[in-house]
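[1] Quick one, fold the following:
(chains A and B, ligands or ions: 2)
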Amino acid sequence: MSTVYALLFIVATLVLVIGLARKIAKYAKVPAPLKIPTTPAPVTQTGVVLRMFREVVFFESLFKSTKWTWIFSWMFHLGLLLVLLRHVRYFMDSVWLPIELIQPFGMYAGFAMVAGLGGLFVRRIFVDRVRYISAPSDYLWLILLGFIGFSGLMMSFVVHTDIVAVKQFFTGIWTFSGGALPVDLPLLVHITLVIVLMLLFPFSKLLHAPGIFFSPSRNQVDNPREKRHIVPWAKALEENEKN
Amino acid sequence: MAKATFDTPELQEFVDVPALEEGTMAHIKSYVVNNPDHNTDLGFPGELVDDWHEKTLEKMADLCSRYRSFQVYLDACVKCGSCTDKCHYYLGTKDPKNMPVGRQDLLRKVYRRYFTFAGKYFPKLVGAEDLTRETLDEWYSYFHQCSQCRRCSVFCPYGIDTAEISMAAREILDSIGYGQKYCNEIIAKVHKIGNNLGLPGPAIENTLEGLEEDVEDETGVVVKFPLDVKGSDILLVTPSADFFAEPHVDGLIGYGKVFHEAGVSWTLSTTASEAGNFGMFIGSYENMRRVSMRIRQAATELGVKRIVFGECGHAWRIAYAFLNTLAGPFDDLDPNYPVPQHICEFTNDLIEQGKLNLDKSGNDDMTITFHDSCNVARATRMGDKPGGQFEIPRAVIKAVCNNYVDMDHNTIGEKTYCCGGGGGLLTDDLMEIRVKGALPRMTALNNAIKDHGVTHLAAICAICKSQFTKVMPYYGMDMDQIVSVHQLVSNAIILTGQQTEEDEDDQESEE
Ligand code: SF4
Ligand code: SF4
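    Ligands and ions are numbered 1, 2, ... in the order given. Presented below is the predicted three-dimensional model:
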């Protein structure tokens, strides 16, 4: 059983990393032939970095649009981030100080995460416009993430899992030293769902995570008059016409 | 075809987000190209091709490889719904396919089905759907109900720009011979004659002579409106509407007066007698470029040093953001000035230098508010700071009139509401969507009228001006409540040597 999970985990990691890398490479390779930043836009590269930072960290545009969605999704994402950072300790032997420091917050971030997901779920059902645009997968993602959070919280607060064994198992995966995964239900549910998440990530709407960095309306500098912007296929078009 | 009847929405104090009602706008379909030449002139098949299914998918693959926006935007949407109440067409029609994400999904469903793993194997789960003949009709209907105003892109956490998706959809439709009459006919006219209205050189010359006479009658000063004058410093490119009707033509008079006072030599060109470039509306880089090249060539042939654009919103987008890309580089022009410049930048510079003699009382019969045109607001800039596109036109207006108020701040600036007629919708066969889509703008204007005694709405876009002229009467307003910004400038400017009543009364000033 532990071996099966170890294998699954390795496969999922590969799918996630390779899948994402392929998508990112694709996004990076496709040119953006015209300058289309949504203005008012920064006129310098530093400005763009700041704009992107505000988008990624504070969800600036979402804040402008709907406060409720902003609150729930920010709670969820920030919670998720803290939880993920907290999890780093299961994968390394000597734990870095920053990871050590966020441990207490990480515990409660789990609640924020689940509450945020709950809010988003309720919204999806009760706001007619959001319900209209939702496909089954949109609900399923929320449910999947919700269960991951919930099973995680169970382990921390209800049926305590043998964390030391879990850590041995995971560090064991890349040192090939083995280690048995403790058999308790919340843990198995948790890990199974995480594996599903990792497998599906590169093929899903979760691509919004890398996508935002490639969004031309957010990542372009507003300087078309100062600097000529031309991509290879457009350049070729131009040259063809000259001949 | 009988004139479609529909109810004009009633103006309330606020624009409420309506509960959705499916299919209210499904019947709206603008005329399809009826003269195959208008497609072929643009490089598209004359009519819907037999192998449209295959060709559509081929075109989508092509767009995936050429436009980063296309693929990223189709992949990244999380269906958060933040954009759903941001489109004026949804607010005015309740049709969920007029919600930005609803609109995108018409295309996204097909993209998912044929281009993504999940959609290929689990279509139901991710909302992927087959491409059918009905899909094309739906695209045709709803992607021609988007004015490409980009309001949705401001509010989307990933900057997903439905305008880009609309353009792509229209390009796909064009590539299989399913083009829209209004846009394609106009582009064909530009390629052939040089402007959207199809005005030949002599007609323009005639108009300009008429304007010279009018200005002289009114002011006693000879202000030239030159055409095709080689060696001029400035080439003015302005929407052809400016040669034609009110309030546009009053704006043109304004530009003429400003140039006259600036003491610069300038000219219009018969071959580049159009600032507008509908190539953008149909998402066609090639057509956009071909139209832009007319301007490039005119500038070279006339040997000008600068290019200035008149009042037109999407024209300014193409000029500001794309011209350098499409038809540049412009190394041969005077590097001391941006290429191109907006007429508002030009006028504002003169105002700041104190070079214009302005009498604000010339506009005292009006209380003005300003409509930020979408393309100017969300796709361009003026001056060198972000947001200059909001400040500079207002600075010009405030310099020439005493009574100015802004509409509700949530409806102007980057959040401005569209006039309802942009993006290739300014055609009579789309009147219903135009009127309904104008609801949010009309609401804000109506509030400014009630609360602040606003009498006129100023704009710097030919499409906005034409649209408001048509739509305002539906909302109980008067069609000449829409004015051009340079019309206000024209009203206030005292030309050097102009006789005013005060002059006659008080003293004899500079002759
Ligand atoms: S670009 Fe404008 S018209 Fe088109 S969907 Fe977005 S908000 Fe609506
Ligand atoms: S705001 Fe953006 S991510 Fe959200 S539903 Fe609209 S397009 Fe999709």
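[2] Report the contact partners of B:M407.
    By Cβ atoms under 8 Å, 6 or more residues apart in numbering or on different chains, the residues touching B:M407 are B:T369, B:H371, B:A444, B:L445, B:N447, B:A448. Placement of C-beta: from N, CA and C, glycine included.
[3] do you know how far it is from B:K360?
    21 Å (Cβ to Cβ, to the nearest Å).
[4] With A:S94 instead?
    For A:S94, the distance to B:K360 - Cβ to Cβ - is 74 Å.
[5] For B:N206, which residues are in contact?
    Going by Cβ under 8 Å, 6+ apart, B:N206 touches no other residue.
[6] For the one helix or strand it maps to, the averaged confidence score.
    Here B:N206 sits within helix B:201-219, counting by DSSP states H and E. Mean per-residue pLDDT for helix B:201-219: 94.
[7] go on, stretch A:109-124?
    The average of the pLDDT scores along stretch A:109-124 is 96.
[8] quick one: is that stretch near ligand 2?
    No - Stretch A:109-124 lies out of reach of ligand 2 by Cβ under 6 Å from any ligand atom, never closer than 11.2 Å.
[9] For that stretch, list every residue counted as buried.
    Residues of stretch A:109-124 classed as buried: A:109-110, A:112-121, A:123-124 (neighbour count, 16 or more other Cβ atoms under 10 Å in any protein chain shown).
[10] try stretch A:80-88
    Buried, per 16+ other Cβ under 10 Å, within stretch A:80-88: A:L80, A:L82, A:V83, A:L85, A:R86.
[11] Closest one of the buried residues of stretch A:109-124 to B:G23?
    A:R124 (22.4 Å; Cβ to Cβ).
[12] circling back to that earlier point, filter the contacts of B:M407 down to the ones in helices?
    Counted as lying in helices by DSSP state H, out of these, are B:A444, B:L445, B:N447, B:A448.
[13] Format the residues you listed as TSV; extra columns: distance to ligand 2.
    As requested, the ones in helices among the contacts of B:M407 are arranged in TSV below (distance: Cβ to the nearest ligand atom, whole Å):
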residue	distance to ligand 2
B:A444	22
B:L445	27
B:N447	27
B:A448	29
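[14] Can you get me the centre-to-centre distance for the lowest-mean-pLDDT helix or strand in chain A and its chain?
    Of all helical and strand segments in chain A, the minimum by mean pLDDT, DSSP states H and E falls on helix A:163-175, at a mean of 83. Relative to its chain's centre, helix A:163-175 lies at 24 Å (Cα atoms, centre = their mean, to the nearest Å).
[15] Quick one: residues in contact with it.
    Under Cβ under 8 Å, 6+ apart, the answer for helix A:163-175 is A:2, A:5-6, A:9-10, A:89-93, A:177-182, A:187.
[16] Generate a PyMOL selection restricted to the buried entries among these.
    In PyMOL, this line selects whichever of the contacts of helix A:163-175 come out buried by 16+ other Cβ under 10 Å:
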select buried, chain A and resi 2+5+6+9+89+179+181+187
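[17] Which of the contacts of helix A:163-175 fall within helices?
    Those of the contacts of helix A:163-175 lying in helices (DSSP H): A:S2, A:Y5, A:A6, A:F9, A:I10, A:L187.
[18] so which of the buried residues of stretch A:80-88 also contact ligand 2?
    Counting by Cβ under 6 Å from any ligand atom, no member of the buried residues of stretch A:80-88 reaches ligand 2.
[19] Quick check, the residue in the stretch 251-400 of chain B closest to chain A?
    Nearest residue of the stretch 251-400 of chain B to chain A, counting by Cβ to the nearest Cβ: B:P386, 3.9 Å away.
[20] Grab the nearest non-local neighbour of that residue.
    Distances taken as Cβ to Cβ, 6 or more residues apart in numbering or on different chains place A:P40 nearest to B:P386, at 3.9 Å, with adjacent residues excluded.
[21] circling back: export the contacts of B:M407 as CSV, with columns for neighbour count and pLDDT.
    Formatted as CSV, the contacts of B:M407 follow (neighbours: other Cβ atoms under 10 Å in any protein chain shown; pLDDT from 0 to 100):
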residue, neighbour count, pLDDT
B:T369, 22, 98
B:H371, 29, 98
B:A444, 23, 97
B:L445, 26, 97
B:N447, 18, 97
B:A448, 21, 97
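[22] Between these, which sits nearest A:G146?
    Closest to A:G146, out of all of the contacts of B:M407 and judged by Cβ to Cβ, is B:A444, at 40.6 Å.
[23] Tell me where the stretch 51-200 of chain B has helices.
    Taking DSSP state H, counting those that start in this stretch, the helices of the stretch 51-200 of chain B run over residues B:52-66, B:68-76, B:88-93, B:100-115, B:117-121, B:123-126, B:133-143, B:151-155, B:162-175, B:181-192.
[24] Of these, give the one that comes closest to B:H452.
    So among these, helix B:88-93 is nearest, using Cβ to Cβ, at 22.1 Å.
[25] Average pLDDT for whichever strand or helix holds A:A21, rounded please.
    Taking DSSP H and E as the criterion, A:A21 maps to helix A:2-29. The average of the pLDDT scores along helix A:2-29 is 94.
[26] same deal with stretch B:261-281?
    pLDDT averaged over stretch B:261-281 gives 96.
[27] Between the two ends of that stretch, how far is it?
    One end of stretch B:261-281 to the other measures 36 Å (Cα to Cα, to the nearest Å).
[28] follow-up on the earlier one: the residue of the stretch 251-400 of chain B closest to chain A contacts A:N223, doesn't it?
    No - counting by Cβ atoms under 8 Å, B:P386 stays clear of A:N223, with 10.9 Å between them.
[29] Between the two, which contacts overlap?
    With Cβ under 8 Å, 6+ apart as the test, B:P386 and A:N223 both reach A:V43.
[30] Need the nearest residue in space to B:G46, chain neighbours excluded.
    B:P36 (3.0 Å).
[31] next one: A:V43
    Spatial nearest neighbour of A:V43, excluding adjacent residues (Cβ to Cβ, 6+ apart): A:D222 at 5.2 Å.
[32] how about the one you found, what does it touch?
    A:K35, A:P37, A:T39, A:P40, A:A41, A:P42, A:V43, B:R381, B:P386.
[33] A:S94 and B:K360: who's more crowded?
    B:K360 (15 against 5; other Cβ atoms under 10 Å in any protein chain shown).
[34] Identify the residues contacting that one.
    B:A399, B:V400, B:C401, B:N402, B:A492.
[35] quick one: pLDDT of the last one?
    The pLDDT attached to B:A492 in the predicted structure is 97.
[36] Can you get me a residue count around it?
    Counted with other Cβ under 10 Å, the neighbours of B:A492 add up to 23.
[37] How much space separates it from B:G383?
    21 Å.
[38] give me the low-pLDDT residue ranges for the stretch 1-150 of chain B?
    Residue ranges of the stretch 1-150 of chain B with pLDDT under 70: B:1-4.
[39] what do you get if the cut-off is 90, keeping everything else the same?
    Low-confidence segments of the stretch 1-150 of chain B, defined by pLDDT under 90, are located at B:1-5.
[40] which bits of it sit near chain A?
    Proximity of the stretch 1-150 of chain B to chain A (Cβ under 8 Å from any Cβ of the partner chain) is limited to residues B:17, B:19-20, B:64-69, B:71-73, B:75-86, B:96, B:99, B:101-102, B:105, B:116-118, B:124-127, B:150.
[41] Are any of the residues you listed buried, and if so which?
    Taking 16+ other Cβ under 10 Å as the criterion, what is buried in these is B:20, B:64, B:66-69, B:71-73, B:75-86, B:96, B:99, B:101-102, B:105, B:116, B:118, B:126-127, B:150.
[42] May I see the PyMOL selection of the buried members of the contacts of B:K360?
    Of the contacts of B:K360, the buried ones go into a single PyMOL selection, burial set by 16+ other Cβ under 10 Å:
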select buried, chain B and resi 399+400+401+492
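[43] for chain A, what's the longest helix?
    Of all the segments assigned as helix in chain A under DSSP H, the longest by residue count is helix A:97-126.
[44] Give me the helices and strands touching the stretch of helix or strand B:A399 belongs to, please.
    Secondary structure assigned from DSSP H and E places B:A399 in helix B:388-400. Contact partners of helix B:388-400 among helices and strands, from 3 or more Cβ pairs under 8 Å, 6 or more residues apart in numbering or on different chains; DSSP states H and E: helix B:343-352, strand B:368-371, helix B:374-379, helix B:485-492.
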